[in-house]
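# Sequence isn't available, so here's the structure alone:
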């Protein structure tokens, strides 16, 4: 029998997020319940409520953790436009194959649309900040055109986000390899001085 823990350690947070991910994959995002997440994590619902006010906030934290985790796991291979574009394409490829992220696109498109068309989420802000920082370096070394790095980063986000969300519909024309090549070409062309 699982013990119910009220521990607020970071490991517990990861365990709760892992349980939420397994629920998203098993039921789709609309049918995930806090009770089932708590059961799978081996904690009480009040333990979850100490960290997140509701299921929606927990699922937003899950998506942020997944996206930021991919960004962290795809390191930069140096300074400059080509290294940055390679990293963005790598992050996009990993996100396109992340079961949880893609489950949200497929099972809860209305939720995904909030972050595609209505407002920037936490993970999008983190991505913009990370890309903007790398763009500043690339601008100093001359491989990226002039312009506000945050504006350029926001446009890179839009190009990449669109590629991720629409990749499935163009798969008969652009397989995964061709998609990566064309995304890199688009980003390089946009950023080139």
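Perfect, I can see it now. Please read these numbers as outputs of a predicted model, since none were measured by experiment.

# From now on I want contacts and neighbour counts done on CA atoms only, so please keep to that.
Will do.

# By mean pLDDT, point me to the weakest helix or strand of the protein.
Across the helices and strands of the chain, mean confidence by mean pLDDT, DSSP states H and E is lowest for helix 109-113: a mean of 70.

# What's the first helix or strand after that helix?
For helix 109-113, the following helix or strand on the C-terminal side (DSSP states H and E) is helix 122-140.

# From the rest of the structure, what touches the helix or strand hosting residue 11?
Using DSSP H and E, residue 11 maps to helix 10-27. The contact list for helix 10-27 (CA atoms under 8 Å, 6 or more residues apart in numbering) reads 29, 31-32, 36-38, 40-41, 48, 58-59, 61-62, 99-100, 103.

# Out of those residues, who's the most crowded?
Neighbour counts for the contacts of helix 10-27, by other CA atoms under 10 Å, peak at residue 37, which reaches 26 neighbours.

# who touches that one in this structure?
Counting by CA under 8 Å, 6+ apart, residue 37 makes contact with 16, 19-20, 23.

# Most neighbours of all the residues you listed, which one?
Neighbour counts for those peak at residue 20, which has 27 neighbours (criterion: other CA under 10 Å).

# how much space between the spatially most central residue of the chain and residue 45?
A centroid search over the chain (CA atoms, centre = their mean) returns residue 67, at 2.6 Å, as the residue closest to the centre. Distance, residue 67 to residue 45, by CA to CA, to the nearest Å: 25 Å.

# what do you get for residue 38?
Distance from residue 38 to residue 45, by CA to CA: 6 Å.

# Repeat that for residue 55.
Residue 55 is 11 Å from residue 45, where distance means CA to CA.

# Find the residues that touch each one of the two.
Residues touching both residue 55 and residue 45 (CA under 8 Å, 6+ apart): residue 34.

# before we move on, the earlier item: after the helix holding residue 11, heading C-terminal, what element do we hit next?
Helix 10-27 is succeeded, C-terminally, by helix 34-41 (DSSP H and E).

# Give me the angle between that next one and helix 10-27.
120 degrees (axes from the mean of the first three to the mean of the last three CA atoms, to 10 degrees).

# before we move on, back to that, quick one: which of the contacts of residue 37 is nearest residue 161?
Comparing those against residue 161 with CA to CA places residue 20 closest, at 23.4 Å.

# Give me the phi and psi for residue 164.
phi -60, psi -50 (degrees, to the nearest 10).
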